[in-house]
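Chemist: Got a predicted structure plus its sequence, pasted below:
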Amino acid sequence: MTSDAAAETPSTEAPDLPDGPFEWHRIIGTDELPVGRVTTVAIEDRTYAVTRSDDGFGVLDNHCPHQGGPLGEGSIEKGWLRCPWHGYDYSPCNGVPPSAFGDAPAAFRVEVRDDGVYAALPLPAERERTVADIAIETLIAWGMTHVFGMVGHSNLGLADAMRVAEERGDLTFIGIRHEGAAAFAASAYGKLTGGIAGCFGIAGPGSTNLLTGLYDAKVDRAPVVALSGLVPSSVAGQGAFQDLDLTTAFSDVARYQAKIVAGSDVAELAAKAAKTAIVERDVVHLSFPDEVQTHPAPDAEPRGPEGRVGAPQVHPPLAEVDRAVQMIAGTERPVIIVGAGARGQMTEVMGLAETIGAPVLTTFKAKGLVADDHELGCGVLGRSGTPIASWFMNESDLLVVFGASFSNHTGIADYKPTIQVDLDQQGLGRYHPVDLPLLGHVGTTASVIRDRLPDDIRCVDHRAEVAERWAIWREEKASRRRDDQGEGVNSAAVFEALGRTAPADAVFSVDVGNNTYSFGRYLETSGSQDVLMSGYLGSIGFALPGAMGAYAAVGDTRKVISVSGDGGLGQYAMELTTIGKYGMPICHVLLDNQELGKISKEQRAGEWPVWQTSLVNPDWVSMAESCGVRAWRVTTAAELEPALREAVALDGPALVHIVTDVELL
């Protein structure tokens, strides 16, 4: 309702002093606000509408009692303070509305002193524990240490619970520039650790932006907790601003969902979500209506994993193990293939390989799990792989496969006798029958098989043959490094230099495209390196957000290096500001050929004209440095190693921009 000032005059009576404890605060200088104006002033955690009319100064609560409109953004018209949202009028001195209207905003006693305008403000109430606090504390009890996301109007209660947890030292919140990056970062954290990180968005677009990164986590079996704010329950389902049915939107990507409503056992729902994410290695989603987030929950307690999760170190029945032992002992050229499901269990797998002298091949997602300088390591299988791995796959008479999916990109032959070990029943024989599916923990099963092998096995020790195949391939790579068409550095040279400069325990986060195929083929891993990627989703843009998730997992204990093309970095280039803001010592290696080179290659292979694959890029070095990231530009092979060595050694964010030849892969 609006009023007519000619019909009624605003009240000018001074407000009473607060009933409880209060304190005088200086609000504004006497000459800072012209007559007839209103402004917003923040004191501690509250905001106030400060007015100056012909009748003097007034200080009101900043929220219109109608729908919370910001009175400090309103205007004074004909003596009345008018709410900017719906035109409701109040006295600028004490908030009293015209007689035709009801509720008034709180008003506070004012004193004009020599050094400014003061108001008698009540002391802030002690913060109550809320539903959001219980949810966050429960997730922390299940191992969540990091949340990536963006704070917004419909998730402020959740955000405040995270703020409090961060002040206690229990949680780290990383504010990103796009929620898609938050989900990719959480996915990378889950891939590397097997534990949960959170990603966080508002109602509507903030949460729908999470979906691509969550699908990456889902198809690569990475545990992630997605947290969403929702519009207030009072307007849900009525076409309100940003009111989407997120439960339906997330129904395909989330293994488990819960919408927290008034009366929910929030600790139990959050615990069930965390357990599902970790045990099922999948995505879960918790959503919170705006008003529920701040419901008091003074007596509720978080619930952790104690008594709710069993040890995963199970092995198949011994009769099945003995069948596997007989198959291995009776073959001459078995090979061991490891997928990403063997992460963290390679000591036992390599113990078996060394006992029988078997070459060890990896899927691309498992690159780095066995060092390429190991006497039995053969590199990656498949289209991104080495001719060494392909040779031993073709020459083998038995495949012993640990934690791999057998999808069409793995390069695992479906016509070879096969033993498959996986802890996931659905993963066994998923794409075609195998000769012996073993349901068990990868490391435990490998150890049991090794321990039960007889002394008289037929397996040939392949160490010398592995060394011979590596010598052939390294000679070929050296030849390719000399290729130069004058159009930029070739990929073989890039990854040979990166292999020499990266620490032996580096974590790599790689993107999608020709740069990634070349990474898989040319970079030789060593020591205890890990490689993260958007495996089965194959989403361009993963590298830099994935590096942020990896850094959250390892901190300063290991170097994190991300690798992408210019197409990939362009997807989430503004996250350079994120790594700059937080000082993350991530080194991003950018291969820039000003083209979506993989797509151009596919167009040519399919006998299509090359169309719409060229890129127009910014000055990457200037852009990075404007984001707080130190940068180098490399145009020749001779410049590679010095630039990479400096960037990798830097204790801060770095970018190495390498001009590359799109044809020299």
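Modeler: Looks like it arrived, so ask away.
Chemist: burial of the closest residue in space to residue 260 that isn't next to it in sequence, as a residue count?
Modeler: Closest residue in space to residue 260, ignoring its immediate chain neighbours: residue 288 at 4.9 Å, by C-beta to C-beta, 6 or more residues apart in numbering. Where you see a C-beta, it was placed from the backbone N, CA and C, and this is true even at glycine. Using other C-beta atoms under 10 Å, residue 288 is surrounded by 28 other residues.
Chemist: Looks like residue 288 contacts residue 258 (just checking).
Modeler: No. Look at residue 288 against residue 258 with C-beta atoms under 8 Å: they stay out of range, at 9.6 Å.
Chemist: Look up phi and psi at the residue nearest to residue 260.
Modeler: phi -130, psi 110 (degrees, to the nearest 10).
Chemist: Could you give the bridge partners of it?
Modeler: Beta bridges link residue 288 to residue 229, judged by DSSP bridges.
Chemist: for it, what are its contacts?
Modeler: 131, 132, 135, 155, 157, 158, 227, 228, 229, 230, 259, 260 (C-beta atoms under 8 Å, 6 or more residues apart in numbering).
Chemist: who touches the last one in this structure?
Modeler: When contacts are counted by C-beta under 8 Å, 6+ apart, residue 260 touches 131, 135, 266, 269, 286, 287, 288, 289, 292.
Chemist: separation between it and residue 244?
Modeler: Applying C-beta to C-beta, to the nearest Å, the value for residue 260 to residue 244 is 17 Å.
Chemist: Kindly report the same for residue 382.
Modeler: 39 Å.
Chemist: got it, and residue 221?
Modeler: 27 Å.
Chemist: part of a strand, is residue 133?
Modeler: No. Under DSSP: H, G, I helix; E, B strand; the rest coil, residue 133 falls outside any strand and is assigned helix.
Chemist: Quick check: closest non-adjacent residue to it.
Modeler: Using C-beta to C-beta, 6+ apart, the closest residue to residue 133 is residue 161 (4.6 Å).
Chemist: Specify the residue ranges that define each domain of the protein.
Modeler: For the chain, the structural domains run 22-122, 131-293, 318-465, 482-659, going by automatic domain parsing.
Chemist: coming back round to it: who has more neighbours out of residue 382 and residue 244?
Modeler: Neighbours of residue 382 and residue 244, each counted by other C-beta under 10 Å, are more numerous for residue 382; the result is 21 against 17.
Chemist: Please tell me how far the residue lying closest to that one once chain neighbours are set aside sits from residue 337.
Modeler: Once flanking residues are discounted, residue 382 sits nearest to residue 411: 2.9 Å by C-beta to C-beta, 6+ apart. For residue 411, the distance to residue 337 equals 9 Å [C-beta to C-beta].
Chemist: And for residue 527?
Modeler: 21 Å.
Chemist: Among these two, which residue is more densely surrounded?
Modeler: residue 337 (32 against 13).
Chemist: which helices and strands sit right next to the lowest-mean-pLDDT helix or strand in the chain?
Modeler: Within the chain, no helix or strand scores below helix 597-605, which has a mean of 90 by mean pLDDT, DSSP states H and E. With contacts taken as 3 or more C-beta pairs under 8 Å, 6 or more residues apart in numbering; DSSP states H and E, helix 597-605 sits against helix 514-522.
Chemist: Residues touching the helix it packs on, excluding its own?
Modeler: In contact with helix 514-522 (C-beta under 8 Å, 6+ apart) are residues 364, 367, 380, 383-386, 477, 491-492, 494-496, 499, 508, 510, 533, 563-565, 568, 591, 597-598, 601, 660, 662, 665.
Chemist: what's the angle between the longest helix anywhere in the chain and helix 514-522?
Modeler: Longest among the helix segments of the chain by residue count, using DSSP state H, is helix 463-481. Interaxial angle of helix 463-481 relative to helix 514-522 (axes from the mean of the first three to the mean of the last three C-alpha atoms, to 10 degrees): 140 degrees.
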